[in-house]
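Novice: Next comes the sequence, and after it the predicted model I'd like to discuss.
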Amino acid sequence: MKNLRWWVIALIALATVINYIDRQTLSVLWPFMGKEIYPDKTDAELKEVYGIISIVFLFSYAFGQAIFGKIFDWIGTRLGFVLSIGIWSIATILHAFAQGILTFSIFRAILGISEAGNWPGAAKANAEWFPTRERALAQGIFNSGAAVGGLISVPLIAYLALFFSWQVIFILVGAIGLLWLIPWLIVVKSPPGDHPWITEEERQYILTGQKNEVKSEAENAVEYTPSTGQLLSHKQSWGVIIATAAIDPIWWLFIVWIPTYLVEVYQMDVKGLAIYGWVPYLGAMFGAWFGGLLAQNRLKAGWSVNKTRKVVISLGCMIMLPALLMLSNPGGEVAAVLIMATILFGFQTSIGNVQTLPSDLFGGKTVGSLAGFAGMAAKLAAAALTYSVPFLTADGNYTIVFGIGAGLALIAMLSVLLLCPKVEPVKPHGENTGSAQES
């Protein structure tokens, strides 16, 4: 089977589309279903309830990142994805039976823990299936799944809401993930080194093009595989963790609050969300492609991995920073969603390259663990910002929140530049030979 690696990443991108449809279903429906569940609560009280449910999801997601990072390192990408998407699809279906804040929180917790596996799993699959120079593009394709999921989920769910109850919508959405398991189990039989369908040419292209190869057991004996304590003793690891923890809340700010923001500030109904709510994710989709293609282009042009990652990450952050400040006073709903599209374009330009850093810095057995720790820190930070939004926007003004987002973009950029002096495979302390900086 030719180009098997691209079929693998396409399936993971599709899983990510499903992932975002599942999580966005509540975001889109809540401004309307919340009034059905709690008819006596004010809009401000409903926003607080939704904020609490979202925080439960994010905390669960945070710890799920660390848990599934280890799980993927233990059982591999094939079974790891089966476990992750199987559980999250069932959790989505269970939302149809929720009665209030307690049951919603329980089902969101299960959803959060299981959905978290998608990200360290994708990072590990990227490290296994792609040579270094293609990893940013592969990560961009995978990340575009999040953008496409956001892009189609808002109009899709808003459209379904015109014909079905919110309970039926959760069941339909959850069933899609269970169907995804069929092609995944058929196509992804093993890593590329042992896969029966891969051509020998592609196998050699992948394995010889990796700086942190998928090695045989004998070779793994001499590969640097740090313990958790050793992993966290490297400043490069903290560069990845802090960058991810700073940049990720920007994405979640919009994932969680775009529908509520548009309904609250511009008094949109379901049809209005269907018309405008998808626009920001269009920018995210193009940003994911742009960031991946730009990195691949620069690497082919002879740039080092170090220079490529830092330039592309910095470019995305510098796009986000002024756009976030502009969103404090956009002037109207059209300008608002276009500025949001610019912000998410910048976010996706950066994040794909941030997410490749674990595989740039460490070997295969450590990639999932570092990606999991970074993801956990990111979701804890996102939970903190999500928790603060109802209080910071009690008067309907989101200026402070967007200002915080701009500061986070700056922190993300600086953490990579300062704590990852050279993006290259990390060696035990005292054995690194690279220069401190590389242009």
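Specialist: Happy to help now that I have it. Numbering: from 1, shown residues only.
Novice: tell me which residues in the host helix or strand of Val263 are buried?
Specialist: Using DSSP states H and E, Val263 maps to helix 235-266. Judged by neighbour count using 16 or more other Cβ atoms under 10 Å, the buried positions of helix 235-266 are 236-264. For glycine as for every other residue, the C-beta is placed from the backbone atoms N, C-alpha and C.
Novice: May I have the residues that are in contact with Leu253?
Specialist: Contact analysis of Leu253 by Cβ atoms under 8 Å, 6 or more residues apart in numbering lists Ala382, Leu385, Thr386, Val389, Val401, Gly405.
Novice: Make TSV out of these and add pLDDT.
Specialist: Below are the contacts of Leu253 laid out as TSV (pLDDT from 0 to 100):
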residue	pLDDT
Ala382	89
Leu385	91
Thr386	87
Val389	89
Val401	93
Gly405	95
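Novice: with these in mind, which one is nearest to Leu282?
Specialist: Gly405 (19.4 Å; Cβ to Cβ).
Novice: circling back to that earlier point, average model confidence for the helix holding Val263?
Specialist: In this model, helix 235-266 has an average pLDDT of 90.
Novice: Please apply the same query to stretch 202-215.
Specialist: According to the model, stretch 202-215 has a mean pLDDT of 69.
Novice: ditto for stretch 94-110
Specialist: On average, the pLDDT along stretch 94-110 is 94.
Novice: now stretch 55-68
Specialist: Here the average pLDDT along stretch 55-68 is 84.
Novice: ok, longest helix in this structure?
Specialist: helix 43-94 (DSSP state H).
Novice: The following helix or strand past it: how far from the chain's middle?
Specialist: On the C-terminal side of helix 43-94, the closest following helix or strand by DSSP H and E is helix 101-115. Put simply, helix 101-115 sits 18 Å off its chain's centre (Cα atoms, centre = their mean, to the nearest Å).
Novice: relative to helix 43-94, how tilted is helix 101-115?
Specialist: 50 degrees (axes from the mean of the first three to the mean of the last three Cα atoms, to 10 degrees).
Novice: buried ones in helix 101-115?
Specialist: By neighbour count with 16+ other Cβ under 10 Å, helix 101-115 contains the buried residues Phe104, Ser105, Phe107, Arg108, Ala109, Ile110, Leu111, Gly112, Ile113, Ser114, Glu115.
Novice: tell me the mean pLDDT for the very next helix or strand once past that helix?
Specialist: As assigned by DSSP H and E, the chain's next helix or strand after helix 101-115 is helix 118-129. The predicted model assigns helix 118-129 a mean pLDDT of 85.
Novice: and helix 118-129 with helix 43-94, angle?
Specialist: Using the same axes, to 10 degrees: helix 118-129 against helix 43-94 is 50 degrees.
Novice: The helix holding Val263 to helix 43-94, inter-axis angle?
Specialist: Here helix 235-266 runs at an angle of 120 degrees relative to helix 43-94 (the same axes, to 10 degrees).
Novice: what about Phe163, distance to Gly272?
Specialist: Distance, Phe163 to Gly272, by Cβ to Cβ, to the nearest Å: 18 Å.
Novice: quick one: which of those two has more around it?
Specialist: More crowded of Phe163 and Gly272, by other Cβ atoms under 10 Å: Gly272, with 15 against 8.
Novice: Please, which helix or strand holds that one?
Specialist: Applying DSSP H and E, one finds Gly272 within helix 270-276.
Novice: elements contacting that helix?
Specialist: On a contact count with 3 or more Cβ pairs under 8 Å, 6 or more residues apart in numbering; DSSP states H and E, helix 270-276 meets helix 132-160, helix 235-266, helix 333-361.
Novice: cutoff 10 Å now
Specialist: For helix 270-276, the helices and strands in contact under the criterion 3 or more Cβ pairs under 10 Å, 6 or more residues apart in numbering; DSSP states H and E are helix 4-37, helix 132-160, helix 235-266, helix 333-361.
Novice: now the angle between helix 118-129 and the last one, please.
Specialist: Think helix 333-361. Between helix 333-361 and helix 118-129, the angle comes out at 50 degrees (the same axes, to 10 degrees).
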